[in-house]
Structures are given as C-alpha cells and as structure tokens.
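>>> Generate a structure from the sequence data that follows.
(chains A and B)
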Amino acid sequence: MQEVWFFLQLVVQGLAIGSVYSLVALGFVLIYKASSVINFAQGELLMVGAYVCLALIVQFQVPFWAGFLITMAFSIVLALFIERFVLRPMIGEPVIAIIMITIGLSAVLKSFVSAFWGTQIRVFPSIFPEAPVKFGEIVVSRVYIFTFIASLVFLVIFALFFKYSRMGIAMRAAANSNQVALSMGISVKKVFAISWCVAAVVSAVGGILIGNINGVNITLAAVGLKVFPAVILGGLDSIPGAVLGGLIIGVLENLSGGYLDHFFGGGVKEVAPFVVLVIILMIKPYGLFGTEEIERV
Amino acid sequence: MQQCGIFHETYTEDMAIFQTPFSRFWMGLFFVFLAIFPFISKPINAVLGTNTLYLANLIGIYIIGAHGLNLLTGFTGQISLGHGAFMGVGAYASAILTMKLGIPFLIALPLAGLITAMVGMVFGIPSLRLKGLYLAIATMAAQFIIEYAMRNWTTLTGGSAGMSVRPPSFFGFYIDSDRSYYYLIYVFVILATIYTKNIIRSRPGRAFVAIRDRYLAAEVIGVNVWLYRILSFGISSFMVGIAGGLWAHYVLVISDEHFVIWLSVQYLAMIIIGGMGHVMGGIYGAIFMVLLPELLRIPEHYLTVINPNAFAIFHSLRDGVFGLIIILFLIFEPDGLAARWHTIKNYWKLWPFSY
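Reported below is the predicted structural model:
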C-alpha cells in the first residue's frame, strides 16, 4: 500500500510541474505554428517574467496581483520588441540562422538578468497558504494545487481564445498557411507579433508559478529546455499535443526521479525527458498528434 | 575573381589550392611565421600582457573542431547542438585510453576520434528521417545525455571531481610545454584544413553540398542521401573528437563542466561568424572566438579603475555580448567574415576602377 501512495504522490507532483510545462509548451508551439520559428529563448522569457514579478513584489513592495499584471504588460512589450527587431529581419532565412538567432537572444536575456539581479537563488514571498493538503496518504503542498489550477485556467482561456475570438481564428488560419491567410486579408505580421506576445505571457505565468515552487535563480531558464521533449512527444505543431506532452513529461520526469535516482546516482530527473525525446525521434518523429510530412521522390 | 594573364594549361594547375605565385608567396611567408611564432611570442607577450602562445594553441584546437562542425552544418546543412559534448567524448576517450589502459598517445588520439565518430553517428540517426529543426532538438538532447553520463558515470570519468591527464609523450619526447604543444597542435590543424579543403573538392564533398542545397534533387540524381548524411556526422564528430583529445592532454585536468551546451553554441557561433560553407570560415571563427574575450578584457580593465561595481555588471554582460554579436552577424552579414574578406579583396583587385 505504501508503494501505491508513493507512486500517486509522484504522479500528483508531476502533474503540477507538467501543467507548467504544458503552459510554456503552448507558447512554444504557437510561435512555431505561426512563423515556423523554433524558439530556444522560451526559457529565458520565463526567467525574465519570474524575475520582474519578484522584483516588483520584493523591491518595490507592489501587491501580488498588481505585480502580476505589470509583469504581463512588461512581457508583452518585451515580446513585441523581440519580434520587431530580432525576428522580423529573419523572415525567409534558413532554419539554422533562425535557431541561432533565438540562441543568441537567450544569451542576451540571460546576461541582462544576471547583470541586474546576480546569480544567487531568491525566494518568492509565499503567496499561497503554506499548510499542505492531504488526500489520503498523499501530501500535496498548496503551491502545487494552485499551480495546477492556474495552468488549467490559462489553458482553458487560450483554448476558448483560439476557438471563438476573431484574432484566435485569424491566428489559426495564419498557422495553417501564411499565404492563404494573407490573401484573405489577415495581417500576418500582426499574427506573428501576437503569437510572440501570447508566448511571452504564458511563459511569464509559468515562470511565476515555478518560481513559487523552486525559488528563482538563473537556472530557471532550464525549464524552457524541458519544453522540447514535451512538444516533440505531442507533435511539434499541435496545441493539444503540447498540453498533453507537457503533462506526460512532467509525470514521467518525476517518476524516473523517484524510482531510478538510486540506481544512477541522482539527477535522473534532469536527463530522463531527453532520453524519451531521442527515443520518440527514432521511432515516431512526428509525435502523437503532429502533422506527418510525406515526401516522395 | 581571377587576375588577368593567368591561364591554366593543365588539370593539376587548375586544381591547385594556391593558384597564383602571389598567393603561394604569401602563404609561404605565413607558414614561416607559423613556424617561428613560438620563438617570437615572448616579446609579443610582454607588449600585450597575455600568453599569446596559449591563445594560439586554443585557436588551433578550436579550428580543428570548427572545421568538423563546418563540414556538417556549413556543407551538409545538418545542424548540431551537440558538438560541445562530442568534444567531451573525445577528451574523455583519449584520457581513459592513455591513463587507464596505458595506450600510447599517438594511437589513443585517433581511437578517441573513432569513438567520438561512433557516438556522433548514433545521435545522427534521427537525421536520416528528419529535417533541420528536428535535428537541432535531437542533438541538443544528445548534449544533455552525454553531459549527464560524464557527470554521473563516476567509475569511468571521475565525475565532477574531474580527471587528471598526463601530457603526451612519444619516442622519448615529452610534450609538456606550450611551445612543443604548439607544434603538435598545428600539425593537426594543417592536416585538418587540408583534409577539409580536399573533401569538399571530391565526390563526398560534392554530395554533401548537393544534400545541403536540395536533398530531394540530390536523391533524384543518385546521391545516397542516407550514406552521406551519416558519413558527414561521422567525419564531423571524428574531427571534434580529435580536438577534444588534444585539449585534454593540453589542459591536463578535464571535468564535465567544460563541455556544457554553451560550448556547442560557441562552436556554432564560430562557424556563423567565420562563414558557413567556407573552409576559411572555421579558421576566422575560431580566431574571433578566442580573441574576443581577450579584447573584452580591455574595457573591463578600465571599468575596474573607474568603479569595481561597473566591472561586475560588465562581466556578467559578457555572454550577452557573444549573443549580441551572433544576432548582429546573422542580421547584417549572414555569410560571415569569409564573405566579407572576399568582398574586400575583390574591391581592391580592381581599385581604383572598381565598377
């Protein structure tokens, strides 16, 4: 019985972390679908969001909700700036140039953060009540529950946005084919800009949530890299795939950390998602829901 | 562009790497400079205030690796974010072969290259089915998996405590000074450069370029895309493995923190700044990457005098400067320094009637 509870405990924690991965993966897939840009700076957007929110709350003594809203506004401005001055000149360039430019961007963002705030770990003031909740034998701290709920809320908001709002439909159209969307009178430039804004906002939310769990320091950007296994598992161009992939990777990483750590001497959690990634690429490269590209000679 | 009055009468003349007496003369002079550099480096060190011979050795090691990555990314069009880790595989393989198995350096180094080539080809398998962006992600995963193995396979690699390595020795010579190591490294640099140049001019090189430009068309005209992609991965990892082996026996202590993803990014930055798809690109890029931190030291020096706080901030902006340079090069000079050099050279060829 003990083992079942241990297993369930790991699964629940994994789901909470995984829901943040889903959120960040959603932003990643959005940018990829709209503009075929692989964004290696997703983790840095997340880190910047977390740091800005932390600075507002701790250094400027802003209440949490106001700090949260200002952080969202800041993320939108940052995303617009990046899209206009870094990514716009690269339209039509080869894949490697676009990948490298986002890597360069990530280095720039990271160095700005470490110049402003240093590299030591900072603790978020506790926003959520601290007493853990018990479900049977499973002890879950409230941060995890709030994280899960907050991620779900944002995922639902974006699902509705894509399904019903005018802009959401325009974005789906542009993702499907830039040229057709252009000919139907959709401003593809605006779609690119908005997809970056949405990606930055969801990343900042993810950053604040993860910051509440683990504290904030410069290695927070590594969460952005966990997005890659999630989106590859779900299929690079599928939004439901990204959500499901994020949850699966979160659970999987927690389970592998819980069960395999004493065989390999710790840290399995960090590498297991990437092992999964390589295996998926070898057997089912387009993931669970990705569009298969078929080329015949 | 070719100068007037030069006509190639034989096939060998046409295929010569240095085609004119003028370029042969300057290349000869350059090789003489390379050969005597260790003897004149002392006064240069005194003027510049750094160990230029050490920098020259680092440049040499990076050139070998950059040639490898340039073959893969610049000529075959396959992106690798795992070359930092592959360099680590070469370094550890060579260290383990010489220290634990007692194999002499001259045999261990090529063996380390071969081991790296095997590892590279395993992670290159996804490239057979996938296009550029998927491959970048697959090689990034390779980077993290290898990093993990280097850190946690403590019985083999010594873990994060690192592993000490002996300087190489063969036929009774110990190569343990900067000067003697310089000659060892530059023998390999010249071999690697000639090898890269020649492979581009031969059948596999043509196949690589065909695959890069349009792999479906390449397949139609009978290029075995599968074979040449894997071959490119193999050769590329072999070269970067050799670079890793040379590096291990030069710095004498290796640990996993040298071979993080930042090194892979630096390798990619080298070939982008130097010029992808130009043999000279790897060389320019490696020189740029090694000298840039040294150049950044000058403003840092003055900032320390003015205000130590400003120094700390500038120091953490260092990596950002790398990132910014990558961004600026990609936006304004995507073909890198090699292309820029061509433009400048051609301008002066017809000067002052350059129209």
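>>> Tell me, how many residues neighbour B:Phe353?
Using other CB atoms under 10 Å in any protein chain shown, B:Phe353 has 5 neighbouring residues. Any C-beta I mention is one placed from the backbone N, CA and C, and that applies to glycine too.
>>> Please disregard the earlier target; I meant B:Phe233.
Neighbour tally, B:Phe233, other CB under 10 Å: 28.
>>> Apart from its neighbours in sequence, what residue is nearest it?
B:Gly124 (3.3 Å; CB to CB, 6 or more residues apart in numbering or on different chains).
>>> Now do the buried residues in whichever strand or helix holds the one you found.
Using DSSP states H and E, B:Gly124 sits within helix B:105-124. Buried residues in helix B:105-124, counted by 16 or more other CB atoms under 10 Å in any protein chain shown: B:105, B:108-109, B:111-117, B:119-121, B:123-124.
>>> What of stretch A:211-226?
Neighbour count says stretch A:211-226 has A:211-214, A:216-218, A:220-221, A:223-226 buried, by 16+ other CB under 10 Å.
>>> near chain B too, which of those residues?
Among those, the ones lying near chain B by CB under 8 Å from any CB of the partner chain are A:Leu225.
>>> Output the buried residues of stretch A:211-226 in TSV; the columns should cover secondary structure.
Formatted as TSV, the buried residues of stretch A:211-226 follow (DSSP: H, G, I helix; E, B strand; the rest coil):
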residue	secondary structure
A:Gly211	helix
A:Asn212	helix
A:Ile213	helix
A:Asn214	helix
A:Val216	strand
A:Asn217	coil
A:Ile218	helix
A:Leu220	helix
A:Ala221	helix
A:Val223	helix
A:Gly224	helix
A:Leu225	helix
A:Lys226	helix
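>>> What ranges in the chain fall below the confidence cut-off?
With no chain named, the answer covers chain A. Scanning chain A with the threshold set as pLDDT under 70 gives A:127-130, A:265, A:295-297.
>>> actually it's chain B I care about, not the one you picked
Along chain B, segments meeting pLDDT under 70 span B:1-5, B:131-132, B:308, B:354-355.
>>> try 80 this time
B:1-8, B:13-17, B:19-20, B:49, B:126-133, B:154-155, B:157-161, B:169-176, B:298-318, B:349-355 (pLDDT under 80).
>>> Strands of that one, residue ranges please.
B:163-164, B:169-170, B:173-174, B:253-254 (DSSP state E).
>>> First residue to last residue on stretch A:125-142, what's the distance there?
The first and last residues of stretch A:125-142 sit 14 Å apart, counting by CA to CA, to the nearest Å.
>>> Report the contact partners of A:Ile96.
B:Thr73, B:Gly77, B:Ile79, B:Gly132, B:Ala136, B:Leu268, B:Met276 (CB atoms under 8 Å, 6 or more residues apart in numbering or on different chains).
>>> how about the residues of the stretch 151-297 of chain A near chain B?
By CB under 8 Å from any CB, the residues of the stretch 151-297 of chain A that approach chain B are A:225, A:228-229, A:232, A:236, A:264-267, A:270-271, A:274-275, A:277-278, A:281-282, A:285, A:293, A:295, A:297.
>>> switch the cut-off to 6 Å
A:Phe228, A:Phe264, A:Gly265, A:Val271, A:Phe274, A:Leu277, A:Val278, A:Leu281, A:Met282, A:Pro285, A:Val297 (CB under 6 Å from any CB of the partner chain).
>>> Which residue, other than its chain neighbours, is closest to the spatially most central residue of chain B?
By CA atoms, centre = their mean, chain B has its centre lying nearest to B:Ala66, at 2.0 Å. Spatial nearest neighbour of B:Ala66, chain neighbours left out: B:Gly282 (3.5 Å); criterion: CB to CB, 6+ apart.
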